[in-house]
Structure formats: structure tokens, C-alpha cells
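[1] Kindly generate the corresponding structure for this input.
(one chain, ligands or ions: 1)
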Amino acid sequence: MAPPPTKPPAPINYKLLLIGNSSVGKSSLLLRFSDEQWLPEDESSATIGVDFRVHKMEVKGKKVKLSIWDTAGQERFRTITSSYYRGAQGVILVYDVSNRESFDALPRWYSELEASLSDKVVKILVGNKVDKEFSRQVSTAEAEAYAARMNSLFVEASAKTAANVKEAFTQCVERIMDQPELWETPAGTGAAISSNVKMPGGNINLAEDSQEGGGGCSC
Ligand SMILES: Nc1nc2c(ncn2[C@@H]2O[C@H](COP(=O)(O)OP(=O)(O)OP(=O)(O)O)[C@@H](O)[C@H]2O)c(=O)[nH]1
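    From the prediction side, this is the model:
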């Protein structure tokens, strides 16, 4: 008798956050990563509150389903956005290599994370807009040293040219996979995300494929 058909293993769900000052390119990195798209500079607009996308990929031979939360960098949304940090296994902190202020703001972003998440959560510092080499204000060496001090992975990328964008997300996921304590715990900070995510206007079921293109939250 033939053995019963085996179900393919369910993908692993991970929650990632994108944080950093306004205009550093968080939404552009996400669009490049999830849709391989780039919007011309004058067509992109600031995120209102929080945006959300689901992206599936295979890492180390395993199916992974990422829910990626793109938070608005503007100060006025800070209280709303930080309420979405909980349960994240990975954080992508973005600054703009051509904007010193966005780099100098990083200690504030790190202390916000510290207040909400376990220090085991995987962090990657991404210096975006590396295509603007001619107007660089933050050197690679300085940012790399800072990332090391903050126990973060580091990469310079460009949402515009796609340089290192996939690598940034993949490195983050690989590091999460290497830290089972981040996703094996049943509850609490750093625990694997629930398959039902509460959003204004309804819940999103991450166990299904209904939200592939992502959704948004104009909170
Ligand atoms: N040259 C260059 N411009 C970029 C790059 N990434 C984003 N931009 C531009 O920078 C501006 C801001 O990009 P967004 O992706 O909206 O920035 P954000 O961090 O999501 O901004 P908030 O939603 O306000 O937090 C837009 O005009 C983008 O076209 C990049 O890699 N290179």
C-alpha cells in the first residue's frame, strides 16, 4: 500500500521591522526587495503610520514567510510605530549614507528598540543610498565600527540600484535561523509571531496567502 501523501512543511513565520529616520529609504528598500521595483524619486511618498508586506523566500533550504513592517520615520508617528515592535525577530535599521543626521539619530532608534525588544533580536544596520557616493557624509569604516559596537550586522545598499538589498534581508533571516531561542519560545518578547495579526480594519492571517501583495495601515 502506498504511504499517505506527506504535506510539505509549513513555512516558518518571522517578523521583521524596518526603522530609521524619515526619507532614508525604508519603503524603497522594501519595494525593491519584495517586488523588485523602484519608484522614481518624485513618485514616492512618506509612510503614514505603518505599512506591511508578506514575502516568501527560501533560506538555507527552508521556506520562510516574512511579515515585514515598514514604519514611518516621521517623529509624529513614533508612538504608533513603536507599538508594532513587539514580537519581531529581526530589525533592519536604516540610515542614509548621504545624510549625517540620519546616522547621528541611530542611538535614539537603538534605545527605542532596547525598551521594547530582547537584546537577542537580530539587528542589521543598513546604510542606504550608496549610489550617491559623490555626496557621502558617513564613511563605511565609521558605520561598520558603530554596528559592531551595537552588536549588529552591517551592509551598505541602494534601493535605487538594488545593490545589496536582497543580501541585507537574507543576512538578517539567516542570523535569525541560527538563533532558535528567538523563535522557539512559545510566548513573550522575541517569540515567534502569531499567525493572526491585528490590524485596524481587520486581522491578517499570516498562515494564508491572502495578503501576498501586502497591506497598509494608515493609523
Ligand atoms: N538615490 C537614492 N534615492 C533613494 C534610495 N532609496 C530611497 N531613495 C529616495 O529617498 C526618498 C525617500 O524614500 P522612502 O523610501 O520614501 O523613505 P522612507 O525611509 O520610507 O521615509 P518615511 O516613510 O518618511 O519614513 C525618495 O525620494 C526615494 O526615491 C536610494 O537607494 N538611492
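[2] if I pick residue 69, what's in contact with it?
    15, 16, 17, 18, 50, 51, 52, 84, 88 (CB atoms under 8 Å, 6 or more residues apart in numbering). Any C-beta I mention is one placed from the backbone N, CA and C, and that applies to glycine too.
[3] could you redo those residues as CSV and give each row neighbour count and distance to residue 135?
    Shown next, in CSV, are these (neighbours: other CB atoms under 10 Å; distance: CB to CB, whole Å):
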residue, neighbour count, distance to residue 135
15, 25, 34
16, 23, 29
17, 28, 28
18, 26, 23
50, 23, 30
51, 21, 27
52, 19, 32
84, 22, 32
88, 27, 32
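[4] And the furthest pair within the residues you listed?
    51 and 88 (14.9 Å; CB to CB).
[5] residue ranges with poor pLDDT in the protein?
    The chain contains residues with pLDDT under 70 at 8-9, 184-219.
[6] if we look at the lengthiest helix in the chain, which residues are touching it?
    Criterion DSSP state H: the longest helix present in the chain is helix 165-177. Defining contact as CB under 8 Å, 6+ apart, one finds that helix 165-177 is touched by 12, 14, 16, 29, 32-33, 57, 59-60, 62, 64, 66, 89-90, 92, 122, 124, 126, 153, 155, 157-159, 182-183.
[7] Next, the contact list for residue 98, please.
    Contacts of residue 98 by CB under 8 Å, 6+ apart are 129, 132, 135, 136, 137.
[8] Strands of this protein, start to end?
    Remark: strands assigned in the chain by DSSP state E are 12-19, 50-59, 62-71, 90-96, 122-128, 153-156, 196-199, 202-205, 215-217.
[9] count of residues packed around residue 39?
    Residue 39 has 14 neighbours, counted by other CB atoms under 10 Å.
[10] measure it to residue 63 for me?
    29 Å (CB to CB, to the nearest Å).
[11] and the gap between residue 180 and residue 77?
    33 Å.
[12] More neighbours: which of the two?
    Neighbour comparison, residue 180 and residue 77: the larger count goes to residue 77, with 18 against 9 (by other CB under 10 Å).
[13] residues near the spatially closest residue to that one that is not a sequence neighbour, how many?
    The spatially closest residue to residue 77, leaving aside those adjacent along the chain, is residue 49, at 5.6 Å (CB to CB, 6 or more residues apart in numbering). Look at residue 49: counted by other CB under 10 Å, it has 17 neighbours.
[14] isn't residue 49 right up against residue 72?
    Yes: with contact defined as CB atoms under 8 Å, residue 49 counts as touching residue 72 (5.8 Å).
[15] so what's in contact with the two at the same time?
    Common neighbours of residue 49 and residue 72 (CB under 8 Å, 6+ apart) are 80, 81.
[16] Write out the residues of this structure neighbouring the ligand.
    22-28, 41, 44, 46-47, 72-74, 128-129, 131-132, 158-160 (CB under 6 Å from any ligand atom).
[17] Could you give me the ChimeraX syntax to select whichever of these are buried?
    Per 16 or more other CB atoms under 10 Å, the buried members of the residues of the chain next to the ligand correspond to this ChimeraX selection:
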select :23,24,25,26,27,28,47,72,73,128,129,158,159,160
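[18] Could you list which of the residues of the chain next to the ligand belong to helices?
    Filtering the residues of the chain next to the ligand for helices - DSSP H - leaves 26, 27, 28.
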